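In: here is my input, please return the structure:
(4 chains)
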There are 4 protein chains.
Amino acid sequence: MSRDFEDHCWQDVIDPDTIQIYQAYQRKIYVGDNPAVLAIDLYNKAYLGGNRPVKEVDREFSGSCGENAWNALAPTQRLLAAARRAGVPVIYTTRHLDTGGVQSTNRNLKRMGDDIYDIKAELKPGAGELVIYKERASAFFGTPLIAHLQMMKVDSLIICGESTSGCVRASTVDAYSYGFHNVVVEECTYDRSMLCHKVNLFDLHHKYADVMHVEEVLAHLDGLAALRKVA
Amino acid sequence: MSRDFEDHCWQDVIDPDTIQIYQAYQRKIYVGDNPAVLAIDLYNKAYLGGNRPVKEVDREFSGSCGENAWNALAPTQRLLAAARRAGVPVIYTTRHLDTGGVQSTNRNLKRMGDDIYDIKAELKPGAGELVIYKERASAFFGTPLIAHLQMMKVDSLIICGESTSGCVRASTVDAYSYGFHNVVVEECTYDRSMLCHKVNLFDLHHKYADVMHVEEVLAHLDGLAALRKVA
Amino acid sequence: MSRDFEDHCWQDVIDPDTIQIYQAYQRKIYVGDNPAVLAIDLYNKAYLGGNRPVKEVDREFSGSCGENAWNALAPTQRLLAAARRAGVPVIYTTRHLDTGGVQSTNRNLKRMGDDIYDIKAELKPGAGELVIYKERASAFFGTPLIAHLQMMKVDSLIICGESTSGCVRASTVDAYSYGFHNVVVEECTYDRSMLCHKVNLFDLHHKYADVMHVEEVLAHLDGLAALRKVA
Amino acid sequence: MSRDFEDHCWQDVIDPDTIQIYQAYQRKIYVGDNPAVLAIDLYNKAYLGGNRPVKEVDREFSGSCGENAWNALAPTQRLLAAARRAGVPVIYTTRHLDTGGVQSTNRNLKRMGDDIYDIKAELKPGAGELVIYKERASAFFGTPLIAHLQMMKVDSLIICGESTSGCVRASTVDAYSYGFHNVVVEECTYDRSMLCHKVNLFDLHHKYADVMHVEEVLAHLDGLAALRKVA
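Out: You can find the predicted model right below:
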């Protein structure tokens, strides 16, 4: 279970000098005491065009993450199921179709179907699970998320979703600023560009979060489920 | 003055597929109507060990940006001087030495000299210029910056300083969220790792800011100075 | 147009010693340069039970402001019409019926009709006008209001609605903190308790806002409309 | 220990109709599970001119709370001591002398001595206790307080200090918005105007906090100290 601090998808793009410079960030990584899962922007738009390379689906569906989204689907289903078994709350973000001209980034958006910001059916929220509607990249900006987390006495987050270089990064940086211990689940996080995905995960892992593999997080959640059943 | 949208330092690291996928972000770039310069973390710590490669200075001075900081010194001096001539306010950020255990990132910090968070003498604030003390990466988080900008009727920022992948990125994302038009000045922004620097500038340029070359920004400020002198 | 600084509804409840102590707050009051109207919680719930004393309507409709709401209806219609003629944007707040257990205050709420948080028909938003959905008392907390105001280059607010001691006060204090110049329109603001209404207006007037009479604000907006027509 | 919900200093100013209308707010009041004391603006300026009526000290020292401040001194000392015995963290707020023109309210301030924003010696912070420097009324606005509270896993506040109608109210409303359970200690909270003090405590008690008597809070803290000693 204890893989090396740098044993992650960025190994083929980060040079040895950078790894050496970043040694000051090495530390024990862990899931926090009372976590919630923050599932970012798992909406239909990310999956449009199907399980194909991003540059193919992008021609018709700008903003789709193509095969990167689809590859993360099964591990994310496992993550959400394990969290629910362990009594760990799952919180979703998405956005409203019309937000009066305020956009989360500078991308030029074409109007697509009315259900593009619905959470994908295979990952859909359970009854009573919180859905945060946001207008900006961060799940915290302009939303009541911090109040809900405080009232739930959550002290740490397990973060998944998309995009690594957009909403996942912005939300994780804010979560760190607010004082949460953050885990980002590598296999349940995705982006359009693999280089951006890898470098952003690298940045997050060293500065603001513990990037962990889904198997490590699942093992932790299963342990928590067993513990909470006993208690 | 109108260089290509992708004519920036990231050209040697971003692959053609990614450039194609990111075409949806193409737009005219510009400096906003009533800007302020936001000079992020231009403190002594970034320059420790002198004008040498980061991996050399890092052994003694973790957190120093070495030659990357020193290379940005002259262009940043020109930027600050041009802003002042144009009547554009300059706002600095730095941090207090002791912040009760709250850190801006996960880096393990050793105690260094008492002046490490003083702004570097060559770049020091003029009389009456605002200095924001922050504890987190973003210049907005846990600071009154937004109130000062609102009261100054500033609608846009010209951002420089360090590090690209840390405080510059976090501050720029927040500035975009708050509704500011942002310019990040490429030659006046720096980091320890060149790959992180380039990919973060690429991310910022497409999603949250207009990354511009210092010559373009200087030309704009000189034009503004002439205009304001006349008016 | 220039009525005395203390010529307001609180004169019959604030004692002379307090007036004397508060002299340090005296200043010229005015509407800001580029204002927006912030119309707070003008939803059906405040009018339930009709134009009768609060203690009568309260038995059936907890939260209704009764005759205080109805008395403000005509002046508020005039205020909104004048703002629209002057090209001053009107921004509304209300709330969603179900907010996952987060409440704006400690009041015990019974479930009422599904339209209780719809804006009252006589005051309803025009096409394209912004409606902010909030969960807490302040229009700023957990909402993207600050981003919208920044993007609209609004530098000041004209505030009306309810309740004076709840959402109006909390929103006005936040607006002051964010750096806006605030006008609260006396005749277009209301509460359940007259004493709370008066003391809260007194507090707001001295510390965070210019409480103005509706006739003063209408005259200003009519002047602005004439000016903007000419320009 | 269980005094009536309305057995507080406001009984002589709030009319029976208002009490009836506010019955919907009645609930059990309590100190939260893991509280911190938030001691607001207990700085020298509030005590200037000595233990005399506000209208007398105000002539020379605008902003002094006179005898109201001095009357709260002994109970506040007891509160702080009890909190420390119980291991409950004490957090202070104050402000810097010079904040670049941003003020917490509209009051016209004259420059006084350089120590006016030092915490009063009798109430001074212990070694390592957190002091938050703010520019606005609320202890949360433009400060990193929320991050410190989150990292300390604090879920509730015990609030004291001044002024009831200014910084205490603004901080308590924000604390409620962020999701904290709040106690305001009646005898340790003060203002210049008694009417404003009473009506603001009334507002806070019903909407955002449990106003409790100092004896009740001391009893709770002593119980907590005993419990934590045993455990």
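
In: what is the longest strand along chain A packed up against?
Out: Counting residues, the longest strand found in chain A (DSSP state E) is strand A:181-190. Contacts defined by 3 or more C-beta pairs under 8 Å, 6 or more residues apart in numbering or on different chains; DSSP states H and E place strand A:181-190 against helix A:66-85, strand A:156-162, helix A:169-178, helix A:194-207, strand A:210-212, helix A:214-230. C-beta coordinates here come from the backbone N, C-alpha and C atoms, glycine included.

In: what sits up against the second one?
Out: Just to be clear, that refers to strand A:156-162. A:31-42, A:46, A:65, A:69, A:72, A:76, A:79, A:83, A:88, A:93, A:167-168, A:171-172, A:175, A:180-185, A:188-191, A:209, A:217 (C-beta atoms under 8 Å, 6 or more residues apart in numbering or on different chains).

In: distance of residue A:141 relative to chain B?
Out: Using C-beta to the nearest C-beta, to the nearest Å, residue A:141 is found at 4 Å from chain B.

In: I'd say that residue and residue C:142 touch.
Out: No. The pair residue A:141 / residue C:142 is not scored as a contact, 10.0 Å apart, by C-beta atoms under 8 Å.

In: against chain B, how distant is residue A:50?
Out: From residue A:50 across to chain B, the span is 16 Å (C-beta to the nearest C-beta).

In: now that residue, what's its secondary structure?
Out: Secondary structure, DSSP: H, G, I helix; E, B strand; the rest coil: residue A:50 is coil.

In: what residues are up against it?
Out: A:57, A:66, A:70.

In: ok, now which ones touch the closest residue to the first one other than its chain neighbours?
Out: Put plainly, it is residue A:57. What sits nearest to residue A:57 in space, not counting adjacent residues and going by C-beta to C-beta, 6 or more residues apart in numbering or on different chains, is residue A:49, at 2.9 Å. Residue A:49 makes contact with A:56-58, A:60-61, A:64, A:66 under the criterion C-beta under 8 Å, 6+ apart.

In: which of those residues are buried?
Out: A:57-58, A:61, A:64, A:66 (16 or more other C-beta atoms under 10 Å in any protein chain shown).

In: relative to chain D, which of the residues you listed is nearest.
Out: Distance to chain D across those (C-beta to the nearest C-beta) is lowest for residue A:64, with 35.3 Å.

In: which ones are touching the closest one?
Out: A:45-49, A:54, A:57-58, A:192.

In: that older thread, nearest to residue C:113, of the helices and strands packed on strand A:181-190?
Out: Of all these, helix A:66-85 sits nearest to residue C:113, with 33.9 Å by C-beta to C-beta.

In: toward the C-terminus, what is the element adjacent to the closest one?
Out: Using DSSP states H and E, the helix or strand that directly follows helix A:66-85 along the chain is strand A:90-94.

In: who are the packing partners of that following strand?
Out: Taking 3+ C-beta pairs under 8 Å, 6+ apart as contact, the helices and strands that strand A:90-94 lies on are strand A:35-40, helix A:66-85, strand A:130-133, helix A:145-151.

In: reformat these as a markdown table; add mean pLDDT and distance to residue C:3.
Out: A markdown table is the format used below for the helices and strands packed on strand A:90-94 (pLDDT from 0 to 100; distance: least, C-beta to C-beta, whole Å):
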| stretch | mean pLDDT | distance to residue C:3 |
| --- | --- | --- |
| strand A:35-40 | 98 | 52 |
| helix A:66-85 | 98 | 61 |
| strand A:130-133 | 97 | 44 |
| helix A:145-151 | 98 | 40 |
